[in-house]
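In: model this:
(4 chains, ligands or ions: 2)
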Amino acid sequence: MAKTDLMMLREDSGIKIIEIKTDLSSYAASDLRKMLEMLLEQKVDKVIVNLHQVHHINSTAVGALVGVAKRLRQNGGDLKICELADNLTRTFNLIGASTVIEIYESENSAITAF
Amino acid sequence: MAKTDLMMLREDSGIKIIEIKTDLSSYAASDLRKMLEMLLEQKVDKVIVNLHQVHHINSTAVGALVGVAKRLRQNGGDLKICELADNLTRTFNLIGASTVIEIYESENSAITAF
Amino acid sequence: MERTCIKLNIPSDVFYLEPVRAFIGNLAQHLGFSRKRIADIQLAVDEICNNAVNHGSVSTEAVISLQISVRAQVLEILVQDAGTGVDWLTPERLSEIEANRSPKNESGHGIFLSKLLTDTYEMRYNAEGGTDVRVTFYQEN
Amino acid sequence: MERTCIKLNIPSDVFYLEPVRAFIGNLAQHLGFSRKRIADIQLAVDEICNNAVNHGSVSTEAVISLQISVRAQVLEILVQDAGTGVDWLTPERLSEIEANRSPKNESGHGIFLSKLLTDTYEMRYNAEGGTDVRVTFYQEN
Ligand SMILES: Nc1ncnc2c1ncn2[C@@H]1O[C@H](COP(=O)(O)OP(=O)(O)O)[C@@H](O)[C@H]1O
Ligand SMILES: Nc1ncnc2c1ncn2[C@@H]1O[C@H](COP(=O)(O)OP(=O)(O)O)[C@@H](O)[C@H]1O
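Out: Numbers count the residues shown, from 1 in each chain, chains lettered A, B, ... in the order given. Ligands and ions are numbered 1, 2, ... in the order given. Next up, the predicted model:
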């Protein structure tokens, strides 16, 4: 089962930026989690996840983002997310995750917030 | 079962232009056929069907377009189609309908061809 | 379900929840649900199916069954799993799940979300020893 | 079919072919088929299902059944209808359909197209007196 181009990893101002290219249900969330674990192992401390191409997210994917954000903060880093479609913002709000994870309108504002 | 915004009818240089807003499988093809029948009853003779928002077409919908094109030609009019995605062009070619119905890259070239 | 229109059986694997979501989204759209409501329906069904796969199945050999009934103004969806032999569906366990839910937790949001996003929500054991979750979505207009 | 992964039953109504197409498209995409191939798969299945609805069913009360099997590099789809009591599937009738096909005709392109777009194509009567159409799509790479 081919998983190509699910996400793209970039760097800007010393911050790792993950651009997600697919909907974030449980199927893709496991890859997201692996990618984030890899960054944690590499002692990366600043991560931004850009969600502008994501049309659907579920609680498993939200949980993966929240979990990594908490672990990065313990080392003085953080994971911030940006460019959420309305229904994604709604999902984060309903879960309450928008109080646990920082959400930005644009990638630039997420970068400058670090 | 709600069918809203399936197609939009415009007029340009005395030509009726139907812009299809949905995939053209059998479900929507029946509406397309009704719309075309209505134009035939109104003695309209020049019709362009713009397919730029259509991602899928099947033989039923192609048949509806071919049928109306033939009837319009009997009265000196025509139905031309334009702005087909690659897979739509492929479907017309496989059926052979591209030899029976005139296909244009842009709406403008279809208009000037009348 | 008085009139079950659609039956959909998939292997218990999150891979297949992707086409299921596409199916449900397209169906809801053609039924005239709003964009916002379609997203809610897709999320609720995703959460319910995820639980069926992750908690209600012994392996990917198990089957998840969806029954989708379309009536005037009502979309009803029943998701059935075969269970794992564990009795989990007790009022105590459900209260505990609810009480333990916190935005800070990485998991435990699925039932909460799907209850929130549906117009009716029912959970019960089925004959196979698994769980049935039956939800409905009403059309506003 | 050695391993039937997915079963999908819908009422015999072209309305439901819309979500079916979304399901098949999403599945083929996740299996790694190319965009062009996905369009071919969706068109072939659309044509086959249309025939099941328009020629192989007595009414919308009839059921169209799809069985989709996913194996390494092969997507196999079986479409079954319940039939209308008419014996149509004879070599003579099939030759006639083929001989009569013309680009100028409004109909009669469905079987031609679906044969063209599939890697294997098989049509036969089923136990219910309806028609089974079984097709496969191989992955190139
Ligand atoms: N279909 C099911 N079969 C068995 N247990 C279930 C099922 N659905 C939910 N549960 C139980 O309820 C708990 C809470 O589910 P949920 O709120 O969706 O959060 P999560 O799935 O993230 O744990 C699960 O951890 C599981 O123990
Ligand atoms: N599933 C089926 N059950 C009964 N008859 C069928 C079925 N599929 C095809 N046919 C017959 O074959 C003919 C040709 O089908 P097709 O090539 O798809 O063109 P069309 O559907 O436009 O007529 C149909 O008109 C019908 O008589």
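
In: How many residues are close by the residue in chain A positioned nearest to chain B?
Out: At 16.1 Å from chain B, residue A:55 is the closest residue in chain A, using C-beta to the nearest C-beta. Yep, even glycine has a C-beta here, placed from its N, CA and C like the rest. Using other C-beta atoms under 10 Å in any protein chain shown, residue A:55 has 15 neighbouring residues.

In: does the lengthiest helix in chain C come close to chain D?
Out: As assigned by DSSP state H, the longest helix anywhere in chain C is helix C:35-54. No: taking C-beta under 8 Å from any C-beta of the partner chain as the criterion, helix C:35-54 and chain D are apart, separated by no less than 11.6 Å.

In: That helix: which residues count as buried?
Out: C:37-53 (16 or more other C-beta atoms under 10 Å in any protein chain shown).

In: quick revisit: can you name the residues that contact the residue of chain A closest to chain B?
Out: The contact partners of residue A:55, taken as C-beta atoms under 8 Å, 6 or more residues apart in numbering or on different chains, are A:23, A:85, A:87.

In: Would you map the helices across the chain?
Out: Just going to use chain A. Per DSSP H, chain A carries helices over the ranges A:26-41, A:59-74, A:86-95, A:107-112.

In: should've been chain C
Out: C:17-30, C:35-54, C:91-100, C:110-117.

In: Which of the contacts of residue A:55 ranks first by neighbour count?
Out: Neighbour counts for the contacts of residue A:55 peak at residue A:23, which has 22 neighbours (criterion: other C-beta under 10 Å).

In: how close does it sit to residue D:138?
Out: 27 Å (C-beta to C-beta, to the nearest Å).

In: and what of residue C:78?
Out: 35 Å.

In: likewise residue A:69?
Out: Residue A:69 sits 44 Å away from residue D:138, taking C-beta to C-beta as the criterion.

In: ok, now which ones touch the residue nearest to residue A:37 when sequence neighbours are not counted?
Out: Computed as C-beta to C-beta, 6 or more residues apart in numbering or on different chains, the closest residue to residue A:37 that is not its neighbour in sequence is residue A:68, at 7.9 Å. Neighbouring residues of residue A:68 by C-beta under 8 Å, 6+ apart: A:33, A:36-37, A:40, A:47, A:79.

In: What count of nearby residues applies to the residue in chain C that chain B sits nearest to?
Out: Nearest residue of chain C to chain B, counting by C-beta to the nearest C-beta: residue C:32, 2.9 Å away. Per other C-beta under 10 Å, the neighbour tally for residue C:32 reads 15.

In: For it, give me phi and psi.
Out: In terms of degrees, to the nearest 10, the main-chain angles of residue C:32 are phi 100, psi 10.

In: Please report how far it lies from chain A.
Out: Note on residue C:32: its distance to chain A, by C-beta to the nearest C-beta, to the nearest Å, is 18 Å.

In: Dead centre of chain C: give me the residue that sits there.
Out: Centroid-nearest residue in chain C, with C-alpha atoms, centre = their mean: residue C:48, separated by 3.0 Å.

In: And the pLDDT at that residue?
Out: If you check residue C:48, the pLDDT there is 98.

In: which residues does it contact?
Out: With contact taken as C-beta under 8 Å, 6+ apart, residue C:48 is in contact with C:77, C:79, C:110, C:114, C:133, C:135.

In: hang on, the earlier thing: these two touch, right, the residue of chain C closest to chain B and residue C:140?
Out: No: Residue C:32 is beyond contact range of residue C:140, at 9.7 Å (criterion: C-beta atoms under 8 Å).

In: returning to that earlier point: of residue A:69 and residue D:138, give the one with the bigger neighbour count.
Out: Comparing residue A:69 with residue D:138 by other C-beta under 10 Å, the one with more neighbours is residue A:69, at 21 against 13.

In: and chain C, which residues reach chain A?
Out: Counting by C-beta under 8 Å from any C-beta, chain C comes close to chain A at C:14-15, C:17-18, C:21, C:35-36, C:39-40, C:42-43, C:46-47, C:50, C:53-54, C:102-107, C:109-110, C:112-113, C:116-117.

In: overlap between these and the residues near ligand 2?
Out: Checked against ligand 2 using C-beta under 6 Å from any ligand atom, the residues of chain C next to chain A yield no neighbours at all.

In: Check the gap between the residue nearest the centre of chain A and residue D:137 for me.
Out: Nearest to the geometric centre of chain A sits residue A:49, at 3.4 Å (C-alpha atoms, centre = their mean). Distance of residue A:49 to residue D:137, computed by C-beta to C-beta: 35 Å.

In: Same question for residue A:30.
Out: Note on residue A:30: its distance to residue D:137, by C-beta to C-beta, is 27 Å.

In: who's more crowded, the two?
Out: Per other C-beta under 10 Å, whichever of residue A:30 and residue D:137 has more neighbours is residue D:137, with 22 against 14.

In: Please name the nearest non-neighbouring residue to residue C:29.
Out: Nearest residue to residue C:29, sequence neighbours excluded (C-beta to C-beta, 6+ apart): residue C:38, at 5.8 Å.

In: I meant residue A:13, not that one.
Out: Of all residues not flanking residue A:13 in the chain, residue A:111 sits nearest, at 5.7 Å (C-beta to C-beta, 6+ apart).

In: hang on, the earlier thing: ok, the contacts of residue C:48 vs residue D:85, which is closest?
Out: Nearest to residue D:85 out of the contacts of residue C:48 is residue C:77 (C-beta to C-beta; 34.0 Å).

In: contacting residues for residue C:114?
Out: Contacts of residue C:114 (C-beta under 8 Å, 6+ apart): C:43-45, C:47-48, C:121, C:133, C:135.

In: List just the nearest of the residues you listed to residue D:70.
Out: residue C:45 (21.0 Å).

In: which sections of the chain are below the confidence cut-off?
Out: You didn't pick a chain, so chain A it is. Within chain A, the set of residues satisfying pLDDT under 70 comprises A:1-4.

In: that's the wrong chain, I meant chain C
Out: Counting by pLDDT under 70, chain C shows low-confidence ranges at C:1-4, C:141.

In: Now with 90, please.
Out: Low-confidence segments of chain C (pLDDT under 90): C:1-4, C:72, C:140-141.

In: for ligand 1, what are the nearby residues on it?
Out: Within chain C, the positions near ligand 1 by C-beta under 6 Å from any ligand atom are C:51-52, C:55-56, C:81, C:88, C:97, C:107-112, C:131.

In: Just the buried ones from these?
Out: With burial judged by 16+ other C-beta under 10 Å, the buried subset of the residues of chain C next to ligand 1 is C:51-52, C:56, C:81, C:109-112, C:131.

In: What residues does chain C have near chain B?
Out: Counting by C-beta under 8 Å from any C-beta, chain C comes close to chain B at C:30-32.

In: if I look at residue A:38, how far off is residue B:67?
Out: Applying C-beta to C-beta, the value for residue A:38 to residue B:67 is 58 Å.

In: The two: which is more packed in?
Out: Set residue A:38 next to residue B:67 and count neighbours by other C-beta under 10 Å: residue B:67 wins out with 19 against 11.
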